[in-house]
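In: heads up, no residue letters with this:
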């Protein structure tokens, strides 16, 4: 089994690619560097060595990397994810959110807490269903959360993402960085005001992200 999972740029001439592979009967995620080769007309070619991570320990690796990233953020050794606008919510100040009318119930359990708000976000496409038509999807967009809940959110984005897509959602609230993964469970077929409404379901929230959600929801309740 060989399945491409994604890629990211390391510098102007190299990128890291992730591949799902079966090695000795066990699934692994392969991380391999690809560099532009003059011998191949400037096309990317793989480096001979790679890192293989067993899928069974992937959650542990992600946890350690996330903790490392949060620590480096606090020490200002890595850049904060860029946003078109930054929402500043000081810990000692009252939080004022602009209320809007929620369009529909969020796709979650009846006990879920949710609030209406206007919060700028940045979304990165992690995966899309294989059944989606061949037109390319943007890897990164900025948009707005208008309904925020502990189990999901309604977001307005300038591009339409198909149902079952997975997005990485970034938001800064004061000094706290919100970072989580969400699955698209519903997407409007037509834009309104130049943006498509999407219903998201959180599928991966760190303790820091849960704390950010709780803080905003408590303040706006």
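Out: Now that the structure is in, tell me what you want to look at. This one's a predicted model, so the numbers in the text were calculated from it and none came from an experiment.
In: and the lengthiest helix in the chain, what does it pack against?
Out: Longest among the helix segments of the chain by residue count, using DSSP state H, is helix 58-74. On a contact count with 3 or more C-beta pairs under 8 Å, 6 or more residues apart in numbering; DSSP states H and E, helix 58-74 meets strand 176-187. Heads up, the C-betas are built off the backbone N, CA and C, glycines and all.
In: if we use 10 Å, what do you get?
Out: Counting contacts by 3 or more C-beta pairs under 10 Å, 6 or more residues apart in numbering; DSSP states H and E, helix 58-74 is packed against strand 26-37, strand 43-54, strand 176-187, strand 196-205, helix 207-220.
In: ok and that helix relative to strand 176-187, angle-wise?
Out: Angle of helix 58-74 versus strand 176-187, following axes from the mean of the first three to the mean of the last three C-alpha atoms, to 10 degrees, is 130 degrees.
In: next secondary structure after helix 58-74?
Out: strand 114-127 (DSSP states H and E).
In: what's around residue 58, how many residues?
Out: 13 (other C-beta atoms under 10 Å).
In: give me the below-cutoff pLDDT ranges for the chain.
Out: Residue ranges of the chain with pLDDT under 70: 73-74, 78-112, 131-135, 173-176, 219-221.
In: contact partners for residue 27?
Out: 1, 3, 20-21, 53-56, 58 (C-beta atoms under 10 Å, 6 or more residues apart in numbering).
In: filter these to the buried ones?
Out: Buried subset of those (neighbour count, 16 or more other C-beta atoms under 10 Å): residue 53.
In: next, the angle from the longest helix of the chain to helix 207-220.
Out: 60 degrees.
In: ok, now how distant is residue 17 from residue 51?
Out: To residue 51, residue 17 is 11 Å away according to C-beta to C-beta, to the nearest Å.
In: now list whatever residues contact both of these two.
Out: What both residue 17 and residue 51 touch, as defined by C-beta under 10 Å, 6+ apart, is the set 30-33.
In: between these, which sits nearest residue 116?
Out: residue 31 (40.8 Å; C-beta to C-beta).
In: look up how far residue 51 lies from the closest one.
Out: 4 Å.
In: who's more crowded, the two?
Out: Taking residue 31 and residue 51 together and counting by other C-beta under 10 Å, residue 31 has the greater number of neighbours (14 against 11).
In: tell me the bridge partners for that one.
Out: residue 18, residue 51 (DSSP bridges).
In: that one contacts residue 46, correct?
Out: No: Residue 31 lies out of contact with residue 46 (C-beta atoms under 10 Å); the separation is 11.3 Å.
In: hey, what's in contact with both of the two?
Out: Common neighbours of residue 31 and residue 46, counting by C-beta under 10 Å, 6+ apart, are 17, 19.
In: find the centremost residue of the protein, please.
Out: When C-alpha atoms, centre = their mean is applied to the chain, the residue found nearest the centroid is residue 168 (0.5 Å).
In: related to what we said a few turns ago, residue 72: which of the helices and strands packed on helix 58-74 is closest?
Out: Ranking the helices and strands packed on helix 58-74 by proximity to residue 72 (C-beta to C-beta) places strand 176-187 first, at 11.3 Å.
In: thank you kindly, that will do.
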